[in-house]
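Visitor: no letters, just coordinates:
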């Protein structure tokens, strides 16, 4: 059932061509979610000329005579409110959002560099994780936010299927789904993927946008991925899954899913 | 046994602090490999002010009135020899190299954005894969080159162990090891990782550099990761592992390893 409560949605996207399939999907989501009464903001990283590399300029108040310590310096700047303004603006958008959508083309089995730079620079220590925040992999720093990957993939879906040579899509996306979203307390959903995108007919673009709007209708109601909580009793103090915990299979990343859900 | 044949080694590294542990490991490798008679070149992406984002400027001879098609335009520019000079220079280094080392801090379960931008921009269509080249996941475009990830990781090793909550290190690195190296025909080795790097005593830095030089002595002789070849008879025409092929376990990314090696 569609949830009709108005919410705030942040779409972060990275594609260099404004007429790309990724732009079409971003526009589709923006219009569809607004028509449903939601507020939508878009961070279009290429249009924003987003700076990709973490460096000392991100922390303008740090002591320039000491070596840069990315973790410590980002934590200090976060707590002091002295992060560079472009980072602070994106953090404010994340705090505003009830849902975050990452819209990107899969390049080399991961996000484009500009989107990685958004993650590297915005998810600072003491904002996304750290001693002043709840523990990771639980009701963490960004708890209460739903998180959706919407990805376009050149390869066919079979190559990313359970026995596909590229690896299962959920395993390839583990660094985002479990490592970024779930680590920071967000609620990850199954990814939305458009495969075989090298040659897209107008009919297949329409098909993709229809499939996407159907998924967006469940953005706030679909069952999330049932990752285990670090603090829920399944892991030991060294962050290893306890030996007597029921699992799906005996190896692989599925170990970190609740088997019963 | 140490192989004493002189070879060419390319180290690509991305860290914003020239006095970082990553810089120490890069310097250690450079000196150690040179002392063993090898040639070493270093692409220090922060020092080079490497541009991270793929965009139309990468293909200066393309028709600017048509929408950018990253795959097609990069392929055309590669075959025509009209890629932007910074990309062409890195491709020449890759072709020169007998081994490639990626030296980086793990940020958000992946490479820093500048290193992702090196991958996105340098591994162009028709250079790293494409119809003019051998098939991927086999004796592909960059065959004959050994490939090593050398990564520094803030978290403890237990969190990346077989049952660690972060996912097994080899699974987290799958997009690089299998998706980049093996896809392009390179020969991936087990990664070298220094864990628990938030506070490094001088003694632990020394320990890490000694462990690293020991690994570098096997750069050209250690047994590689036994990934399956796409063309070796294990996969069907849809790139799925055939049902009757012996595997390690029944699920997860280990399916793509030869079980007997």
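Guide: It's in. Note that the structure is a prediction, hence the values are computed from the model and not measured.

Visitor: contact partners for the residue in chain A positioned nearest to chain B?
Guide: At 2.3 Å from chain B, residue A:252 is the closest residue in chain A, using C-beta to the nearest C-beta. To be clear about C-beta, it is placed using only N, CA and C from the backbone, and glycine gets the same treatment. Residues near residue A:252 by C-beta atoms under 8 Å, 6 or more residues apart in numbering or on different chains: A:171, B:171, B:249, B:251-254.

Visitor: which of these are buried?
Guide: Among the contacts of residue A:252, those classed as buried by 16 or more other C-beta atoms under 10 Å in any protein chain shown are A:171, B:171, B:251-254.

Visitor: can you tell me which of those are in strands?
Guide: Judged by DSSP state E, strands contain none of these.

Visitor: in helices, which of the residues you listed appear?
Guide: Among the buried ones among the contacts of residue A:252, the subset assigned to helices under DSSP state H consists of A:171, B:171.

Visitor: redo the buried ones among the contacts of residue A:252 as TSV? Include pLDDT and distance to residue A:96.
Guide: Below are the buried ones among the contacts of residue A:252 laid out as TSV (pLDDT from 0 to 100; distance: C-beta to C-beta, whole Å):
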residue	pLDDT	distance to residue A:96
A:171	96	32
B:171	96	33
B:251	77	39
B:252	89	37
B:253	94	36
B:254	92	41
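
Visitor: now do the helices in the stretch 101-250 of chain A.
Guide: Here the stretch 101-250 of chain A has its helices, by DSSP state H, counting those that start in this stretch, at A:113-122, A:169-172, A:174-176, A:202-216.

Visitor: can I get the ones you listed in a markdown table with distance to chain B?
Guide: Formatted as a markdown table, the helices of the stretch 101-250 of chain A follow (distance: least, C-beta to the nearest C-beta, whole Å):
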| stretch | distance to chain B |
| --- | --- |
| helix A:113-122 | 3 |
| helix A:169-172 | 6 |
| helix A:174-176 | 4 |
| helix A:202-216 | 13 |
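
Visitor: and the buried ones among the contacts of residue A:252, which two are the farthest apart?
Guide: B:171 and B:251 (11.8 Å; C-beta to C-beta).

Visitor: so which bits of the stretch 1-150 of chain A are right by chain B?
Guide: Residues of the stretch 1-150 of chain A lying close to chain B (C-beta under 8 Å from any C-beta of the partner chain) are A:14, A:16-17, A:19-20, A:46, A:52-56, A:67-71, A:105, A:107-114, A:116-117, A:119-121, A:123, A:137.

Visitor: which ones among these map onto strands?
Guide: Those of those lying in strands (DSSP E): residue A:105.

Visitor: helix, strand, or coil at residue A:78?
Guide: When classified by DSSP: H, G, I helix; E, B strand; the rest coil, residue A:78 comes out as helix.

Visitor: state the distance from the nearest residue in space to it that is not next to it in sequence to residue B:125.
Guide: Setting aside the residues directly before and after it, residue A:78 is nearest to residue A:126 in space (C-beta to C-beta, 6 or more residues apart in numbering or on different chains), at 4.2 Å. Using C-beta to C-beta, to the nearest Å, we find residue A:126 at a distance of 41 Å from residue B:125.

Visitor: if you count surrounding residues, which of the two has more?
Guide: Between residue A:126 and residue B:125, residue B:125 has the larger neighbour count (other C-beta atoms under 10 Å in any protein chain shown), namely 22 against 19.

Visitor: and that one, what does it touch?
Guide: Applying C-beta under 8 Å, 6+ apart to residue B:125 gives the contacts B:71-72, B:74-75, B:78.

Visitor: secondary structure element holding the nearest residue to it once chain neighbours are set aside?
Guide: Of all residues beyond its chain neighbours, the one nearest residue B:125 is residue B:75 (3.7 Å), with distances taken as C-beta to C-beta, 6+ apart. Residue B:75 belongs to helix B:70-80 when elements are defined using DSSP states H and E.

Visitor: packing partners of that helix?
Guide: On a contact count with 3 or more C-beta pairs under 8 Å, 6 or more residues apart in numbering or on different chains; DSSP states H and E, helix B:70-80 meets no helix or strand.

Visitor: between helix B:113-122 and that helix, find me the angle.
Guide: Counting by axes from the mean of the first three to the mean of the last three C-alpha atoms, to 10 degrees, helix B:70-80 lies at 60 degrees to helix B:113-122.

Visitor: quick one: mean pLDDT over helix B:70-80.
Guide: The pLDDT scores in helix B:70-80 average 98.

Visitor: so which bits of the helix or strand following it are buried?
Guide: For helix B:70-80, the following helix or strand on the C-terminal side (DSSP H and E) is helix B:85-96. Under the neighbour-count criterion of 16+ other C-beta under 10 Å, helix B:85-96 has B:87-88, B:90-91, B:93-94 buried.

Visitor: do helix B:85-96 and chain A meet?
Guide: No. Helix B:85-96 does not reach chain A (C-beta under 8 Å from any C-beta); its nearest approach is 13.2 Å.

Visitor: would you map out the domains in chain A?
Guide: Listed domain ranges for chain A are A:8-225, A:228-261 (source: automatic domain parsing).

Visitor: so what's the gap between the first one and the chain middle?
Guide: Right, the one you point to is domain A:8-225. Centre-to-centre, domain A:8-225 and its host chain are 4 Å apart (C-alpha atoms, centre = their mean, to the nearest Å).

Visitor: compute the first-to-last residue distance for that domain.
Guide: Terminal residues of domain A:8-225 are spaced 21 Å apart (C-alpha to C-alpha, to the nearest Å).

Visitor: residues near residue A:26, how many?
Guide: 22.

Visitor: just say helix, strand or coil for residue A:37.
Guide: Going by three-state DSSP: residue A:37 is coil.
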